[in-house]
Structures are given as structure tokens and as C-alpha cells.
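Enquirer: show me the folded form of this:
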Amino acid sequence: MSLQIFILGILCEGHRHPYDIKKIFKRESLAPEARITDGKLYYHFEALAKLGYVERVMVSREENRPERTMYGITEAGREALVEMIYKNFRSFKDVTDLYPSVLFLHHASKERVIGLMEDGIDELTRKMRRYEQILAEVVPPDHAEHPIVQNAKILQEHTIHRIRGDLDWLLKVLDKVKAM
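Expert: Alright, predicted model coming up:
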């Protein structure tokens, strides 16, 4: 879904060729570890076209070059983008899943995004508190020095640290959305 969000979001800004979108994705370094193959990109364009979210707006051909198809977004595609953003905020498992949606928040309802973000922040806060509670309870005093217990403690602390970082980032994005 995140690649489809990116495709639809970029097409909201104007007509593009799929390869142009691939270059923008790489330039923005949304997911440096992600490899977008031409096959994957064209698959998503075809899927979006079948759904009526994008349409071919122009096909050009230069001498000795393959055809270049430019795509545009339809009204249904604009509506789908907004719904994908909402769905992404409702169901994210990792904050990096939200990156494409954050780029295009200006297409969604500010109030609805704020509500979804606050729900996500509440859920992450509960998750962090559960981990903190587990960390406090998991180490029986008579086994506190055992290597497995010590290593488990390091893992729990790292998990808590990551959740705090995610919460800080989400709160920063929330402040940005509220200021829009």
C-alpha cells in the first residue's frame, strides 16, 4: 500500500511517467533499503489503473525509443489516496509504515488525521507501559545476575527506547498537523 500511496500522492501534483516516480522515490530516500524494481512499479500502476485510480493521459514516442506513457490521477484515485492514508494511520505496525502517508497529509482531513494519530499515540503509550511493567516484574531478585535475565533486560530496554523514539516522532508529526 505504501508504494501506491506514494504513486497517487505524486500524481496529485501532476502527470508523471512511472520512471519519474521511481526517481522521486529514490531521491526522497523514503526507504533507502527498499528496492523498487520496474516490474513492481508497473504492477502497481496497472493495479491502480484497473481500480480506476489512475489513467493514461498521454503516450509519446521519440525516435528509436520505447513509448513513454504519462499517467494522471482520477477523482476516484484522489479519494482512494485519502482513504489509504486513513487506513495506514489506523493500522500501522511500525512508524516507518507511515512515511508515505506523512508526505501527503495535506490531502486528508486535518481533524481526522489528528484523531487517528492521537489513537496511535495512545496505543503506543500503552504498549510502552506494558513493556516497562514487564521489565520491572521480569527480573526475580534471586536470578537478577543470570546472563539470560541480563540479556532479556537489555532487549526490553531497547524496545522501550525504540517506542519512546517512535512516540517522540509521532508527537512531532502531530504538532505539525495541528499547525497546518
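Enquirer: does residue 106 really touch residue 180, like I thought?
Expert: Yes: using C-beta atoms under 8 Å, residue 106 is in contact with residue 180, at 6.7 Å. (C-beta placed from N, C-alpha, C; glycine too.)
Enquirer: next, count neighbours for residue 22.
Expert: 20 (other C-beta atoms under 10 Å).
Enquirer: contacts only, for it.
Expert: 36, 38, 41 (C-beta atoms under 8 Å, 6 or more residues apart in numbering).
Enquirer: can you point out the buried residues in the host helix or strand of the last one?
Expert: Right, the one you point to is residue 41. Under the criterion of DSSP states H and E, residue 41 resides in helix 38-50. Neighbour-count burial for helix 38-50, counted by 16 or more other C-beta atoms under 10 Å, picks out 41, 44, 45, 48.
Enquirer: before we move on, back to that, looking at the contacts of residue 22, spot the one nearest residue 126.
Expert: Ranked by distance to residue 126 (C-beta to C-beta), the contacts of residue 22 are led by residue 36 at 34.6 Å.
Enquirer: how much space between the closest residue to the closest one other than its chain neighbours and residue 10?
Expert: In this structure, residue 36 finds its nearest non-sequential neighbour in residue 22, 5.6 Å apart by C-beta to C-beta, 6 or more residues apart in numbering. Distance of residue 22 to residue 10, computed by C-beta to C-beta, to the nearest Å: 10 Å.
Enquirer: thank you, goodbye.
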